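3D model of this:
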Amino acid sequence: MKVCMVAPWGRWVRCGIRSYSESLAKALALKGVDVYVARLPRFGILAEGVLQNLVDSIPRDVDLVHVQYEYGLFKNLDVPFFRALSKIGLPVVTTLHSVGDWEKDEAAISTSSKVIVHNRFCYRRLNRREKAVIIPHGCTPVETDPPEECKRRLGIDPRIPIVGYLGFISRYKGLETLIEAMRGVKEAALLIAGGYHVEPGTRYIDRLKEVSLKLLPGRCLWLGYVPDERLSTVYGSFTIEVYPSRLCTESGALITALAHGKAVIASDLPPMREKAKMGALMTFRSVSDLRGKIRKLLSDDALRSRLEEAARRYAESVKWYPNIAEKHIALYREVL
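Coordinates of the predicted model:
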């Protein structure tokens, strides 16, 4: 089977969809699928002509095209892209990494034989569901080195409990909530790892650093963007991890935290509630609720261990290889 994947690509591209696409492509290749990549320019100026060139670059001898689709990737040229794609005469499968814009969703759904969403929340948000299937976001379970060793590598006193966040940093990630909650958690430090997609920092990140310096003097460390090869060290240093997003359709960073066996507290949003019902994480609804749950997990080793084990079980169920790759291959065969 030959599949052309339309996706951001390249190790220097800071993009969650890039990480997702490369992981899926590797898992598919291990299952015997020939994966070709039509590289979607992630940054810079995007024009209809660029997207037409992208469509023209798709080999016509592949069996189908798989588009990794998220609104921000196409810079409001979503409809022209799918219109051009519909003209090449190949079956199309599209993974909808964001949903809720009916016009853009309709362009993707109309062009596609099948569309993939990651959870029931995204499925329910679709205006048209007859082509939709749920395939969870995959991950690769990782055994980290001992927390004390990971902390030493980062220059952190190994005796200090660490509450962590790792992911891209923007306004909707809700880090103000986490910083405020940590004011009342004197027994631990906060480690924030991540940056923005293209610059080392932004004015928003600078303001967050100022707030953390004021509210958590001497107790908040910022690492900046973390390259792939250092992820396991950073995740391994966390005692618990918090994802305080204000909105979310799915979080690759959160799934990766579960893959590292972390005890996770996440915002009480629909995609997170689905995982909480499986026991994979805890959710919170307010600053005080988050503060209380952080303190509870830090003080209750047995509870934290149970949550870590549940995280590992969830990660095992959504392994890229073979689980998620096999689900994709079954869908491809259905389309063909």
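
going forward, measure contacts between C-alpha atoms and count neighbours the same way
Noted.

Run the chain-centre distance for stretch 177-195.
For stretch 177-195, the gap between its own C-alpha mean and the chain's C-alpha mean amounts to 21 Å (C-alpha atoms, centre = their mean, to the nearest Å).

what comes into contact with that stretch?
160-169, 201, 205, 212, 215-216, 219-226, 234, 238, 242, 244, 287-288, 290-291, 294-295 (C-alpha atoms under 8 Å, 6 or more residues apart in numbering).

Could you give me the ChimeraX selection string for whichever of those are buried?
Applying 16 or more other C-alpha atoms under 10 Å to the contacts of stretch 177-195, the buried members can be selected in ChimeraX as follows:
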select :161,162,163,164,165,166,167,168,169,205,212,215,216,219,220,221,224,225,226,234,238,242,244,287,290,291,294,295
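
so where's the chain uncertain?
For the chain, the stretches with pLDDT under 70 are 11-13, 43-44, 196-201.

okay, now the domains of it?
As assigned by automatic domain parsing, the chain contains the domains 2-138+320-335, 147-317.

Not counting stretch 163-176 itself, show me its contacts.
Applying C-alpha under 8 Å, 6+ apart, the contact partners of stretch 163-176 are 188-197, 204-205, 208, 225, 235, 238-247, 253, 294.

Which among the residues you listed count as buried?
Among the contacts of stretch 163-176, the ones that count as buried by 16+ other C-alpha under 10 Å are 188-197, 205, 208, 225, 235, 238-245, 253, 294.

Show me those residues that map onto helices.
Applying DSSP state H to the buried ones among the contacts of stretch 163-176, the entries found in helices are 205, 208, 235, 253, 294.

Which of those sits closest to residue 315?
residue 253 (12.6 Å; C-alpha to C-alpha).

Distance-wise, check the closest one relative to residue 222.
Separation of residue 253 from residue 222 (C-alpha to C-alpha, to the nearest Å): 17 Å.

With residue 9 instead?
In terms of C-alpha to C-alpha, residue 9 sits 27 Å off from residue 222.

Not counting its neighbours along the chain, what's nearest residue 238?
residue 162 (5.1 Å; C-alpha to C-alpha, 6 or more residues apart in numbering).

again with residue 41
Among residues not flanking residue 41 along the chain, residue 8 sits closest, at 6.2 Å (C-alpha to C-alpha, 6+ apart).

Doesn't residue 90 belong to a helix?
No: Residue 90: not assigned to a helix; according to DSSP: H, G, I helix; E, B strand; the rest coil it is coil.

Is it in contact with residue 66, as I believe?
No: Residue 90 lies out of contact with residue 66 (C-alpha atoms under 8 Å); the separation is 10.2 Å.

the more surrounded of those two?
Legend: neighbour count by other C-alpha atoms under 10 Å for residue 90 and residue 66, higher for residue 66 (23 against 17).

Tell me which residues touch the more buried one, please.
3-6, 92-95.

and it, what element?
Element membership for residue 66, per DSSP states H and E: strand 64-69.

Tell me who's in contact with residue 325.
Neighbour list for residue 325: 24, 27-28, 31 [criterion: C-alpha under 8 Å, 6+ apart].

how many neighbours does the closest residue to residue 245 other than its chain neighbours have?
Spatially, and ignoring its direct neighbours in sequence, residue 245 is nearest to residue 173 (4.0 Å; C-alpha to C-alpha, 6+ apart). As a burial measure, residue 173 scores 18 neighbours (other C-alpha under 10 Å).

One more: residue 101?
When neighbours are counted by other C-alpha under 10 Å, residue 101 comes out with 12.

List phi and psi for it.
The phi/psi pair for residue 101 (degrees, to the nearest 10) reads phi -90, psi 100.

likewise residue 174?
Torsion angles, degrees, to the nearest 10, at residue 174: phi 70, psi 30.

Tell me how many other residues crowd it.
16.

Repeat that for the one 10 residues further on.
The tally of other residues near residue 184 (other C-alpha under 10 Å) stands at 16.

does it count as helix, strand or coil?
Criterion first, three-state DSSP; result for residue 184: coil.

where exactly do the strands run in the stretch 101-250 of the chain?
Assigned by DSSP state E, counting those that start in this stretch, the stretch 101-250 of the chain shows strands spanning 114-117, 132-134, 162-166, 189-193, 220-224, 240-243.

and the ones you listed as CSV, adding distance to residue 335?
Output for the strands of the stretch 101-250 of the chain, formatted as CSV (distance: least, C-alpha to C-alpha, whole Å):
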stretch, distance to residue 335
strand 114-117, 7
strand 132-134, 12
strand 162-166, 37
strand 189-193, 40
strand 220-224, 42
strand 240-243, 36
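
still on that earlier bit, so the residue nearest to residue 41 makes contact with residue 16?
No: in this structure residue 8 lies outside contact range of residue 16 using C-alpha under 8 Å: 9.3 Å.

Name the residue in these two with the higher neighbour count.
Neighbours were counted for residue 8 and for residue 16 using other C-alpha under 10 Å; residue 8 has more, 26 against 15.

The more buried one and residue 272, how far apart?
26 Å.

Please apply the same query to residue 39.
Counting by C-alpha to C-alpha, the gap from residue 39 to residue 272 is 31 Å.

Please apply the same query to residue 211.
Here the criterion is C-alpha to C-alpha. By it, residue 211 lies 27 Å from residue 272.
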